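*Asks:* Mind looking at a prediction? Sequence and model below.
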Amino acid sequence: MCGIVGIVGLDQIQNPEQVANQMVEKMKHRGPNDSSVLKMDDVVFGHARLSIIDLGDQSNQPFVSSDGRYTIVFNGEIYNYLEIKKVLDYPFKTSSDTEVLLAAYIKWGKDCCRMLNGMFAFAIYDNQTNEVFVARDRLGIKPLYFCNGKENFVFASEIRALLECPVVPRKLCQDALVDYLRYQTVQSPNTIIKDVEMLPAGHFIRIAPDELEIGKYWDIIESSSPQASKMNRDEIKTEVRSKLLKAVDRRLVADVPFGAFLSGGIDSSALVGLMSEKTSQVKTFSVTFQEEEFSEAKYARMVAEKFGTDHTEIKLSPDEFLKDLPDALSAMDHPSGDGPNTYIVSKATKEAGVTMVLSGLGGDELFAGYDIFKRSVELHNKRWLNSFPKFIRSGIGTSRKLLKPSVASNKIHEILKADKMHFEFTYPISRQVLLDNQILKLLKRSQLSPNWVFETVDNLVGEKSAGIRLPLLSKVSVAEINTYMQNVLLRDTDQMSMKSALEVRVPFLDHELVEFALGISDEHKYPNYPKELLVESLGDLLPDEIVHRPKMGFVLPWEKWMKNELKSFCEDRLMSLAKKPFFNKGELESLWSRFLKGDKEITWSRLWYLVVLENWMVENKIEY
């Protein structure tokens with residue numbers, strides 16, 4: 001796990017090697033074991049290394065092929081590199097997955113991406129053709145940002161590194177700001193910075209002297225398993241367990257100490273149980289709180305005792321969190337409404353001597369673990385409401401808002417007053433933090449930019465897309481994976497864990513498991529209790545107390561803290577943000593006042609991500 005940078009086209013850039021060094025230095029936290037820059041003709045590559053496999057200096061990067069023609073910089077892990085290595089005729093000089101990846105590209109070109117099982121972002125330069133090939137993994141686990149200018153193409157693992165290059169603007173994108181206010185993040189391929197993009201998951205870029213090609217090598221819809229829909233329940237359960245166990249086994253290959261995040265929920269507990277089948281001593285880590293209603297400590301302990309893990313509890317008090325909060329926010333490479341929880345547990349895990357951990361991220365998305373899965377089915381079954389005139393449905397929604405004011409009532413009203421209730425519309429509304437009418441009040445704009453989540457979901461699973469053939473629950477999975485998971489959960493996990501130079505591996509996002517799970521019919525996947533299919537697939541691995549416990553989620557007690565210990569911290573940043581020319585000062589002040597008074601329509605999450613935005617803009621000197 002590392003950080004990579006590159007500049008293609010060195011015109012207009014003075015001292016490109018020095019610039020690349022500054023870019024690498026800005027994300028040295030990602031790779032404290034080694035860093036280096038290499039200039040080649042009209043290209044410069046840089047790398048910061050976190051050693052996980054083949055710890056020797058011979059695997060440092062940028063890494064040059066045996067014949068001197070190709071140079072690679074690579075961030076991530078290729079879990080099946082030993083299998084690939086067996087079919088390659090290449091004079092290997094290391095035991096690293098980096099060299100296998102380079103040899104695979106030499107043999108198969110861009111098609112090498114289809115051979116890889118892993119999480120990755122890499123770039124390869126060919127000094128004979130003067131072409132650069134850049135690619136990102138199927139599920140978007142590892143980030144890759146770029147800025148494509150007239151004379152230069154610049155890329156990096158983090159935005160903060162890109163901003164060190166003089167051709168990259170430190171300017172806020174106003175349309176992306178709208179996206180951020182809607183969804184507490186910015187949807188790929190856009191970012192919060194003008195002219196900076198994120199390479200979409202499963203895509204590649206080929207940069208030639210007179211051409212730039214962006215292509216897709218993996219499609220989540222086309223890759224979904226047709227066989228899964230033909231299997232009976234017992235066959236499905238056998239296949240789910242087999243694929244998940246194989247995914248866990250692949251991710252235990254490392255030359256450094258490793259462990260697992262353990263919340264005591266189904267997903268993390270399942271991984272710890274499967275890990276214990278493959279290795280004798282598992283280290284586990286969990287965050288606990290003084291506030292009992294937020295603490296999952298007893299469930300994590302139960303799992304740790306069952307599987308005999310070396311368990312560490314990270315006790316978190318408001319004072320301790322406040323002390324770590326500046327560092328947690330500084331770790332944020334792209335603003336987000338989430339993330340500090342991952343920073344806290346990652347920091348403590350690294351301090352305990354562990355360099356790699358497994359995480360249960362992805363289990364909810366694959367096995368219908370969120371409330372939105374059941375809500376989507378309920379709304380689908382209420383399509384008969386479409387037969388009522390729009391004004392009647394809107395009236396029902398208005399009445400509910402008046403009788404029972406809440407965030408949920410506001411969203412139900414938005415759904416009912418639409419021209420037609422269908423998943424492609426209801427899903428984006430259900431995921432919004434602030435609704436469009438609230439954003440229009442907050443910003444000095446007469447109209448908002450198009451909703452990127454609407455467009456994404458419609459293109460993936462809408463009536464005119466290939467995804468229409470998927471079962472409804474799989475449509476929800478696809479929507480979750482391509483929006484909230486990739487642009488919030490995975491991005492936050494990467495930036496917060498890598499701040500502590502900790503590698504996080506996510507077995508539930510093994511693409512073979514994902515492809516199979518998306519083909520399973522709703523009949524077998526619908527959760528009568530939490531993640532029923534996954535639990536049944538694991539047999540008696542998990543105790544009933546874990547399966548049927550209340551779902552708490554890995555969250556911090558933000559509301560209580562923001563009204564007490566963090567009040568001045570939040571207020572200072574919100575009032576500073578209110579002075580920005582694109583915000584309505586009075587509306588932002590009103591939101592804060594309503595929150596402090598306990599208004600149920602203004603929850604903590606509708607203000608915290610605004611605090612984060614202002615803090616991030618100031619720290620990164622972003623113009624507007």
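*Replies:* Yep, that arrived. Numbers count the residues shown, from 1 in each chain.
*Asks:* so where's the longest helix in the protein?
*Replies:* Criterion DSSP state H: the longest helix present in the chain is helix 233-250.
*Asks:* residue ranges for the strands of the stretch 201-350 of the chain, please.
*Replies:* Applying DSSP state E, counting those that start in this stretch to the stretch 201-350 of the chain gives strands spanning 203-208, 211-216, 258-261, 283-289, 310-316.
*Asks:* so H311 touches A297, yeah?
*Replies:* No - counting by Cβ atoms under 8 Å, H311 does not reach A297; the two are 10.2 Å apart. The C-beta positions use only the backbone N, C-alpha and C, and glycine is treated the same way.
*Asks:* hey, what's in contact with both of those two?
*Replies:* By Cβ atoms under 8 Å, 6 or more residues apart in numbering, H311 and A297 have these common neighbours: S286.
*Asks:* Rebuild the strands of the stretch 201-350 of the chain as a markdown table, extending it with distance to I520.
*Replies:* Listed next are the strands of the stretch 201-350 of the chain as a markdown table, based on distance: least, Cβ to Cβ, whole Å:
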| stretch | distance to I520 |
| --- | --- |
| strand 203-208 | 26 |
| strand 211-216 | 24 |
| strand 258-261 | 26 |
| strand 283-289 | 29 |
| strand 310-316 | 33 |
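*Asks:* Reformat the ones you listed as CSV; add distance to D67 and mean pLDDT.
*Replies:* Output for the strands of the stretch 201-350 of the chain, formatted as CSV (distance: least, Cβ to Cβ, whole Å; pLDDT from 0 to 100):
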stretch, distance to D67, mean pLDDT
strand 203-208, 21, 97
strand 211-216, 25, 95
strand 258-261, 35, 91
strand 283-289, 42, 84
strand 310-316, 46, 85
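*Asks:* quick one, which of those strands is nearest to V132?
*Replies:* strand 203-208 (4.4 Å; Cβ to Cβ).
*Asks:* List the buried residues of that closest one.
*Replies:* By neighbour count with 16 or more other Cβ atoms under 10 Å, strand 203-208 contains the buried residues 203-207.
*Asks:* Select, from these, the two members most distant in space.
*Replies:* Of all pairs in these, the most separated under Cβ to Cβ is H203 and I207 at 13.4 Å.
*Asks:* Who are the contact partners of V287?
*Replies:* 313-314, 316, 341, 344-345, 554.
*Asks:* Please read the previous query as pertaining to S359.
*Replies:* Applying Cβ under 8 Å, 6+ apart, the residues near S359 are 260-261, 268, 271, 493, 504-506.
*Asks:* helices and strands of this protein: which one bottoms out on pLDDT?
*Replies:* When the helices and strands of the chain are scored by mean pLDDT, DSSP states H and E, helix 390-403 comes last with a mean of 69.
*Asks:* Next SSE downstream of that helix?
*Replies:* helix 407-416 (DSSP states H and E).
*Asks:* what angle separates the helix or strand just after that next one from helix 407-416?
*Replies:* Counting by DSSP H and E, the next helix or strand C-terminal to helix 407-416 is helix 423-431. Angle, helix 423-431 to helix 407-416, by axes from the mean of the first three to the mean of the last three Cα atoms, to 10 degrees: 160 degrees.
*Asks:* Can you give me the buried ones in helix 423-431?
*Replies:* Buried-residue list, helix 423-431, by 16+ other Cβ under 10 Å: 423-431.
*Asks:* Could you do stretch 161-176 as well?
*Replies:* In stretch 161-176, counting by 16+ other Cβ under 10 Å, buried: 161-165, 167-169, 172-173, 176.
*Asks:* That one spans what distance, first to last residue?
*Replies:* 20 Å (Cα to Cα, to the nearest Å).
*Asks:* what about Q184, distance to V611?
*Replies:* 12 Å (Cβ to Cβ, to the nearest Å).
*Asks:* Equivalent analysis for H29, please.
*Replies:* H29 is 23 Å from V611, by Cβ to Cβ.
*Asks:* Check the secondary structure at F595 for me.
*Replies:* Here F595 is recorded as helix under DSSP: H, G, I helix; E, B strand; the rest coil.
*Asks:* Could you tell me how many residues sit around it?
*Replies:* The burial count assigned to F595 is 21, neighbours taken as other Cβ atoms under 10 Å.
*Asks:* returning to that earlier point: compare neighbour counts for H29 and V611 and give me the winner.
*Replies:* Set side by side, H29 and V611 show more neighbours around V611, with 24 against 16, by other Cβ under 10 Å.
*Asks:* Is the more buried one within a helix or a strand, and which one?
*Replies:* helix 605-619.
*Asks:* Rounded mean pLDDT for that helix, please.
*Replies:* Averaging pLDDT along helix 605-619 yields 95.
*Asks:* And stretch 240-251, by the same measure?
*Replies:* On average, stretch 240-251 scores 97.
*Asks:* do stretch 109-116 as well
*Replies:* 97.
*Asks:* Return the alpha-carbon coordinates of that stretch using CSV.
*Replies:* The C-alpha trace of stretch 109-116 is given here as CSV (Å, rounded to 0.1, in the frame of the first residue of the first chain):
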residue,chain,number,x,y,z
GLY,A,109,-1.3,-4.9,-22.2
LYS,A,110,-4.5,-3.3,-20.9
ASP,A,111,-6.1,-6.7,-20.7
CYS,A,112,-3.9,-7.4,-17.7
CYS,A,113,-6.5,-5.6,-15.6
ARG,A,114,-9.0,-8.4,-16.2
MET,A,115,-6.5,-10.9,-14.8
LEU,A,116,-6.1,-9.1,-11.5
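*Asks:* what's that stretch in contact with?
*Replies:* Identification of contacts with stretch 109-116 by Cβ under 8 Å, 6+ apart yields 78, 80, 84, 101, 104-105, 108, 133, 135, 137, 204, 206, 215, 217-218.
*Asks:* Which pair of those spans the longest distance?
*Replies:* Taking Cβ to Cβ, no two of the contacts of stretch 109-116 sit farther apart than N80 and R206, at 23.9 Å.
*Asks:* Spell out, range by range, the helices that occur in the stretch 101-250 of the chain.
*Replies:* 112-115, 159-162, 174-183, 233-250 (DSSP state H, counting those that start in this stretch).
*Asks:* For this structure, which residues score under the pLDDT cut-off?
*Replies:* Residue ranges of the chain with pLDDT under 70: 1, 54, 290-295, 318, 386-387, 390-391, 394-398, 402, 551-556.
*Asks:* And for the residue nearest to R241 when sequence neighbours are not counted, the neighbour number?
*Replies:* Residue nearest to R241 in three dimensions, not counting chain neighbours: S537, with 4.6 Å by Cβ to Cβ, 6 or more residues apart in numbering. By other Cβ under 10 Å, 22 other residues sit near S537.
*Asks:* Pretty sure M562 sits against L607.
*Replies:* Yes - counting by Cβ under 8 Å, L607 is a contact partner of M562 at 7.1 Å.
*Asks:* Quickly name whichever of the buried residues of stretch 161-176 is closest to V240.
*Replies:* A176 (37.7 Å).
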